[in-house]
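Novice: next comes the sequence, and after it the predicted model I'd like to discuss.
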Amino acid sequence: MRPSRHLYACIQLFLAPLLAAQTIRLHVDLTDAPRNIYHAHLEIPVHEGEQALVFPKWIPGNHRPSGPIGALTGIRVEAAGRTIPWRRDDLDMYEFHVNVPAHVNLLDISLDAITTHDSAGGGGPAASANVLDLNWNAVVLYPAGTLSADVTFAPSVTLPSGWHFGTALEPTKTNGDEVEFSPVSLTTLIDSPLIAGSHFRKIELSKPGESPTHVMDLAAESDLDLAMSPKDLAAYQKLVAETGALFGARHYRHYDFLLTLSDQVGGHGLEHHESNDSVEGERSLVDPELGMLYGALVPHEFVHSWNGKYRRPAGLATPNYQEPMVGDLLWVYEGLTEYLGNLLAERSGLWTEEQYHEALAGTAAALDHRTGRTWRPLVDTARSVQTLRMMGPQWSSWRRSLDYYPEGELIWLEVDSILRQQTHGQKSMNDFCRQFHGGQSGPPKVIPYKFDDVVKTLNDIAPYDWAQLLHERVDATSTHAPLGGIERGGWKLVYTDKPKRLHRRRRKTIQVLRFLVLPRIRRR
Ligand SMILES: [Zn+2]
């Protein structure tokens, strides 16, 4: 008989810290990656009696219950060579119950992750014949009721023969295609994806002797795709330097830019404390026009190490992956990252000034004509990330979409312009970033914040009724997009019938006419 949920919860509360103190061994066999299936084996310390194990449900950076539970398959539980029955919870599809027999203290669990839909939220497959992306949340179970920071994993992988890998994890032993990593908390494991490929390149972005180090790990469909131009190399090096100047501190021990170049796998960018896991088009390094389209992706994901990972909205700073997330401050988490990422794309040279303006004009024009502005305040697009994220484009003007990204960019541009105006050019968002995201450099940690913390930091820099401004922009409906930042900077959104380069290429790439008239901003 299964205990009642209340009794069961009490047992879990008592046992969870004991179980969490022991290390879970995890081996992932990636040799079948080209067929889009990963085979995992876990050794989980347990005690006699009812044990509940959970599969991560709420995935950081996705901000929603996107843990790929439907793709979890081939589950087999054994102890001392005997098969142990398991049972999925009646209500929680992410929870599994096992009745551990007497004298058994270790469960051997085998499971497979089908990766035809990647677990980084990109939609497409996680692997091809030449590249793979391992997000550990797709291959782990952990004791229910534990804090992810308290559970230790000793991870290892077997790579497809001859493939090379990149990850922020520390390898401790390599034997052919077998790699072992230092034991880490579940928090760090899920924060440290691994990419690998048969065509692979590692590029140092830091100068010799510089600390922390920055490395770009590139996995591609062919060697030809790996030919980064000296101009792009200089831009990525400058991106690192620009973030140092902007934030004044780094909250990682070392940083890995994990960049996959492929048209075969799901396109995504997913942020982490010590790495980002981004996918660009196969030829984005060798086709300058395609590279331009992706110019702001890596800067955006890099900014998240400060804005999103180190400073995180309290509702997204959850203690494990079963706790629901609250997305109401995503206009800061994503909107400010969009603003800073695009700025850094220009400051580093990945975009020209003109391309930055084109992108901003496209954003402003698209938002200014969203009919759904009349019924849906911006904050509701953030709270609704769970339901909006995977919706298609149909009726998106009336429905609104993940508008907290682009409209957040406009709001933060406006905030920046007010800071500059109020202080006669003495202060700007650069000061906000240093104060809000800077502090002491060191290993990853999370400092949660609420709306009032954002307002307080702004007021420390320049007194203003920031709370009212932000409530108006975020919580109220409005018929037009907030273009105050563009206009206060001396620019104006105008429409012409001649497409600029960025829009032309966007149209060619996605084969959709996004804007019937082509927006641009002109200096007033
Ligand atoms: Zn983002």
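Specialist: Now that the structure is in, tell me what you want to look at.

Novice: name the element the closest residue to residue 301 other than its chain neighbours belongs to?
Specialist: Nearest residue to residue 301 in three dimensions, chain neighbours excluded: residue 276, at 3.5 Å (CB to CB, 6 or more residues apart in numbering). Glycine gets a C-beta too; all of them are placed from N, C-alpha and C. In the assignment (DSSP states H and E), residue 276 maps to strand 275-280.

Novice: got the contact list for that strand?
Specialist: 120, 122, 133, 135, 167-168, 192-193, 195, 255-262, 265-270, 294, 297-298, 301-302, 304-305 (CB atoms under 8 Å, 6 or more residues apart in numbering).

Novice: try it again at 6 Å.
Specialist: 120, 168, 193, 256, 258-261, 267-270, 294, 297-298, 301-302 (CB atoms under 6 Å, 6 or more residues apart in numbering).

Novice: neighbouring strands of that strand in the sheet, and parallel or not?
Specialist: Looking at strand 275-280 with DSSP bridges, its partner strands are strand 255-261 (parallel), strand 269-271 (antiparallel).

Novice: can you redo those as CSV with distance to the ion?
Specialist: Listed next are those as CSV, based on distance: least, CB to the ion, whole Å:
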stretch, distance to the ion
strand 255-261, 15
strand 269-271, 6
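
Novice: point out the most buried one among the ones you listed.
Specialist: strand 255-261 (a mean of 27; mean count of other CB atoms under 10 Å).

Novice: and it, average pLDDT?
Specialist: Mean pLDDT, computed over strand 255-261, is 98.

Novice: stretch 314-331 too?
Specialist: Stretch 314-331 shows a mean pLDDT of 98.

Novice: ok, now stretch 37-54?
Specialist: Averaging pLDDT along stretch 37-54 gives 97.

Novice: which residues are contacting that stretch?
Specialist: Residues from elsewhere that reach stretch 37-54 (CB under 6 Å, 6+ apart): 15, 22, 24-30, 94-100, 102, 106-114, 139, 141, 144, 322.

Novice: can you check stretch 148-164 too?
Specialist: Under CB under 6 Å, 6+ apart, the answer for stretch 148-164 is 20, 23-31, 33, 142, 177-181, 183, 185-187, 189, 196-198, 200, 320.

Novice: the residue of the stretch 1-150 of the chain found nearest the ion: what secondary structure?
Specialist: Nearest residue of the stretch 1-150 of the chain to the ion: residue 61, at 7.2 Å (CB to the ion). Here residue 61 is recorded as coil under DSSP: H, G, I helix; E, B strand; the rest coil.

Novice: around the ion, which positions in the protein sit nearby?
Specialist: With CB under 5 Å from the ion as the criterion, the chain meets the ion at residues 334, 337.

Novice: which ones among the contacts of stretch 37-54 are found in strands?
Specialist: Here DSSP state E is the test, and the contacts of stretch 37-54 give 24-29, 95-100, 106-114 as lying in strands.

Novice: follow-up on the earlier one: would you show me how to pick out the buried ones of the contacts of stretch 148-164 in ChimeraX?
Specialist: Only the buried members of the contacts of stretch 148-164 enter the following ChimeraX selection, criterion being 16 or more other CB atoms under 10 Å:
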select :20,24,25,26,27,28,29,30,31,33,142,177,179,180,181,183,185,186,187,189,196,197,198,200,320
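
Novice: name the helix or strand of the protein that has the lowest mean pLDDT.
Specialist: helix 5-20 (a mean of 48; mean pLDDT, DSSP states H and E).

Novice: are any of the ones in strands among the contacts of stretch 37-54 buried, and which?
Specialist: Counted by 16+ other CB under 10 Å, the ones in strands among the contacts of stretch 37-54 give 24-29, 95-98, 100, 107-109, 111-114 as buried.

Novice: just the pLDDT at the closest residue to residue 223 other than its chain neighbours, thanks.
Specialist: Distance criterion CB to CB, 6+ apart; nearest residue to residue 223, sequence neighbours excluded, is residue 199 at 5.0 Å. Looking at residue 199, its pLDDT reads 98.

Novice: now for residue 93, how many residues are close by?
Specialist: Residues near residue 93, counting by other CB atoms under 10 Å, number 15.

Novice: quick check: it vs residue 70, distance?
Specialist: Distance, residue 93 to residue 70, by CB to CB, to the nearest Å: 9 Å.

Novice: cool, and residue 413?
Specialist: Distance, residue 413 to residue 70, by CB to CB: 40 Å.

Novice: neighbour count winner among these two?
Specialist: A count of neighbours by other CB under 10 Å puts residue 413 above the other of residue 413 and residue 70, at 25 against 9.

Novice: name the SS class of that one, please.
Specialist: With three-state DSSP as the basis, residue 413 sits in helix.

Novice: show me the contacts for the nearest residue to it once chain neighbours are set aside.
Specialist: In this structure, residue 413 finds its nearest non-sequential neighbour in residue 485, 3.2 Å apart by CB to CB, 6+ apart. With contact set as CB under 6 Å, 6+ apart, residue 485 has these partners: 413, 414, 417.
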